[in-house]
Each structure stands twice: as structure tokens, then as C-alpha cells.
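In: I'll drop the sequence and a predicted model, then ask my questions.
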Amino acid sequence: MFELIFLATLSFYFVQTIIMIIGASKKYPKLEDGSLPSISIVVAARNEEPNIIDCLTSLDKLEYPEDKIQIVIIDDNSEDKTPTLIEEFISGKTKFVGLKTTEQVGELKGKTNAIVNALKHTTGEIILTTDADCIVSKKWAKTIAAYYTDEKVAMVCGYTKQFENNNFEAMQSVDFIYVLGVGAGTMNLGFPLSCIGNNMSYRRRVYDEVGGYESIPFSITEDSMLLKTFAEQKKYKIFFPLDSGALVTSKPCDSLKSIYWQKKRWGVGGLDTASSGAWLLVSGFINHVLLLLAPFFFSPTVLVLVLFKFMIDNNFLVFLYKNLNLKLKFIRFLSFQIYFIIYVIILPFVLFSNHDVKWKGREYKKKKI
């Protein structure tokens, strides 16, 4: 009986992964360099003293027409030297605008409030966002902006990997690519579930049309809530291209405690924005529980099924890595699998306990389910 149940759930998981690959594979037209729109890049920084200079340096090196780019850096009430470092770096650089969060906009909190403060000073047709602990490639802005080929394109998202100095960091990076691959697969097939704010963009006109962050319900993952709001309009195009030119690299969590809060924040945000994607979570949860139970029902057939599950994940990741011009080391894939199994099983129990989140030195409290 166990073998039959495992086979049935894995068959569904396999079909689901094939669908994700089909979605993630979709190609889209792009503009020539001479037709690129004007852009404003927005970065909210809070207590990013160790990271902000690397981020600003990468933004300063972007390849984009000088008369069409604006970079807005807003300090979100940092308690370290972040504001001073920003001010010193952007001094004399006309494409940069340095701001501080001074206005409380409605009921908005934290980073979302900072972004809205920054948006009041932007001039670009297209808004791009990344985080202060990220480094963007030279072609990042050009690659993302090129997908805005017509007025119906409202949002374009990109992939993010993480620095990989050891297996602890690498397993997080592999997880980022995997999760974003799932997000891209669903989005490109017309079912946008999630995106990531450190590599996203949107048309300012459409943002204003939906009323901006001030008019949508607050979420700890404000990026996915904005995506949901755009998608609900039912008249705009939303893309998540598998394009190495749009790749961003971010700093991974430095401890298991940080990972806990990151995953909980994503999970709580997912409950707000992507209930339609619950079947993905259920599928993953069941398959990973069966993996843990497999040794208690061991047989040659069960062993084959376990290996089949690993093969499904590996092939999906190899496909994504190849198209992003990255290399997936097998040892890092194994580290990710262990990490993946553990958090997919634990996360639902964490979310059912409470929805309180700690992030960037702030606490966000919500009622229990």
C-alpha cells in the first residue's frame, strides 16, 4: 500500500514539475537598446552597513542610457552607518538620488513604507527594485527593461541566486533558484503566485492605476501582494523570463535562526497572497513526509521511488541552472535536498502556531489561524 501511495503522489509531483519547466521555458520578445524606456531603480536600505557599498557599486556600473536611468536609494531609519555610506558614495553622481524615510504613509509598515516614500521621487516609466544586500549584473536593468515591449506589459520579474562560499550558503542559493523556478513556471502559464522584491519591476502607470501599496492590503511580502493586485486586473501581461542577463546575487542568511525567520516571513506572506497555489505546498509536503517514512517501508521499489524523486528535483534544477549560465554541483544539490525536506515538513506547523514575524530588527504580529 505504501508503495502505491508513494507512486501516485510522485506521479503527480513529476507532472507538476514538467508543467513548471514548460512555463519557465517560455520566451518573450525584447526591445532593441535604442528603444529602452526610462527607468527608476528603487532600493530601500536598513542597517546594511556591511553590504551597501557593494550594492551601490554594482548599480553604478549598470549599462543603461544615462539620460534614461535614475537610481533612488532610501535609508529606512537605519541604526548604523548606512546613511553616511550612502551619502558619501552618491555624492557627485547625478543619476543617484539619496533619501530618508520621513513620512508615515497610511498604515504601511517597514520596507513598504520606505518604498512608497521613495516612489514619490521617481521619474521613470518602469520601476525596478532590488535590495541593499544584493549585487546586480551590468546588464540587469537593460535586460529587465527590454521586456516592456508594449503598454500591456505590467510586470517583469527576474531570478536571484546567492553567494556560495560554503555548503550552508549554497543550499540556500539552490533553494532560491528552485523556488523562483516554480514561481516563474506558474506565472508564465497565467497563474502568478509569487515573486521576489530583490529582482522585480513594474510599469509605473499600472502601479498608479491600482492605487499603489497604499491601496492594497498590507503583507510582510509586499512584492507578492503587488503581483497579486496586478494579476487581478486581468488585462496586463506579467512575465518571469529565464534570462541570465537579469540575474541578481544576494547575501544568504548567516544562521539557522535567520533562515527560520526568512522562511516564516515567506510563508506568512504566501498565506496572504497565494492561497490558489496551496496545491503546490500540499504536494511537496506529502512527498517529503513519504520520503522520511520510506526507510520504514524499505523495498527495492521504494528505493527506486526515492531516487526518482531526487531525479525529478535534480533535472528541474539542472534545466534552470543551464539556462542561467550557472553550474550545479552535486554536493550542493544533496545539501539542498536535506534542507528542502526539513523545511517543507516543518513550515506548515510553524505557520499554524502563529503568524508573528521578526525581520530587519522589526516585529510584525498577526492573529493565529
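Out: Sure, I can see it. Treat the numbers as computed from the prediction; the structure is a model and nothing was measured.

In: Helices of the stretch 101-250 of the chain, start to end?
Out: Remark: helices assigned in the stretch 101-250 of the chain by DSSP state H, counting those that start in this stretch are 110-119, 140-145, 167-188, 204-209, 222-231.

In: Ok, which of the ones you listed comes nearest residue 307?
Out: Evaluated over the helices of the stretch 101-250 of the chain, closeness to residue 307 peaks at helix 167-188, with 18.4 Å, by C-beta to C-beta. Quick note: C-beta positions are derived from backbone N, CA and C, even for glycine.

In: Counting by contacts, list what the closest one packs against.
Out: For helix 167-188, the helices and strands in contact under the criterion 3 or more C-beta pairs under 8 Å, 6 or more residues apart in numbering; DSSP states H and E are helix 2-24, strand 153-157, strand 160-162, strand 237-239, helix 300-323, helix 330-353.

In: swap the cut-off to 6 Å and go again
Out: For helix 167-188, the packing partners by 3 or more C-beta pairs under 6 Å, 6 or more residues apart in numbering; DSSP states H and E come out as helix 2-24, strand 160-162, helix 300-323, helix 330-353.

In: Based on its surroundings, how many neighbours for residue 233?
Out: Using other C-beta atoms under 10 Å, the number of residues around residue 233 comes to 12.

In: Please report the distance of the nearest residue to it once chain neighbours are set aside from residue 228.
Out: Distances taken as C-beta to C-beta, 6 or more residues apart in numbering put residue 210 closest to residue 233, at 6.8 Å, once the chain neighbours are dropped. With distances defined as C-beta to C-beta, to the nearest Å, the gap from residue 210 to residue 228 amounts to 10 Å.

In: Counting neighbours, go ahead and name the busier of these two.
Out: The residue with more neighbours, out of residue 210 and residue 228, is residue 228; 21 against 17, by other C-beta under 10 Å.

In: Against residue 195, how distant is that one?
Out: When C-beta to C-beta is the yardstick, residue 228 and residue 195 sit 10 Å from each other.

In: circling back: could you give the backbone dihedrals for the residue nearest to residue 233?
Out: phi -90, psi 0 (degrees, to the nearest 10).

In: my guess is it meets residue 231, correct?
Out: No. Counting by C-beta atoms under 6 Å, residue 210 stays clear of residue 231, with 10.5 Å between them.

In: ok now stretch 291-308, how far from the chain's centre?
Out: Counting by C-alpha atoms, centre = their mean, to the nearest Å, stretch 291-308 is centred 33 Å from the centre of its parent chain.

In: How about it, which residues are buried there?
Out: Burial within stretch 291-308, assessed by neighbour count using 16 or more other C-beta atoms under 10 Å, is assigned to 291, 294, 302, 305, 306.

In: and the first one, what helix or strand is that in?
Out: If you go by DSSP states H and E, residue 291 is part of helix 278-293.

In: Quick one: mean pLDDT over that helix.
Out: Averaging pLDDT along helix 278-293 gives 82.

In: tell me the angle it makes with helix 2-24.
Out: In this structure, helix 278-293 runs at an angle of 140 degrees to helix 2-24, with axes from the mean of the first three to the mean of the last three C-alpha atoms, to 10 degrees as the basis.

In: coming back round to it: out of the helices and strands packed on helix 167-188, nearest to residue 287?
Out: Evaluated over those, closeness to residue 287 peaks at helix 2-24, with 5.2 Å, by C-beta to C-beta.

In: now for the closest one, which elements pack on it?
Out: Counting contacts by 3+ C-beta pairs under 6 Å, 6+ apart, the secondary-structure elements packed against helix 2-24 are helix 167-188, helix 278-293, helix 300-323.

In: so can I have TSV of those showing distance to residue 124?
Out: Output for the helices and strands packed on helix 2-24, formatted as TSV (distance: least, C-beta to C-beta, whole Å):
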stretch	distance to residue 124
helix 167-188	23
helix 278-293	34
helix 300-323	28
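
In: Which of the ones you listed comes out lowest on mean pLDDT?
Out: Ranked on mean pLDDT, the bottom entry among the helices and strands packed on helix 2-24 is helix 278-293, at a mean of 82.

In: so what's residue 248 up against?
Out: By C-beta atoms under 6 Å, 6 or more residues apart in numbering, the contact list for residue 248 reads 130, 134, 136, 160, 198, 199.

In: List just the nearest of those to residue 9.
Out: Comparing the contacts of residue 248 against residue 9 with C-beta to C-beta places residue 160 closest, at 29.5 Å.
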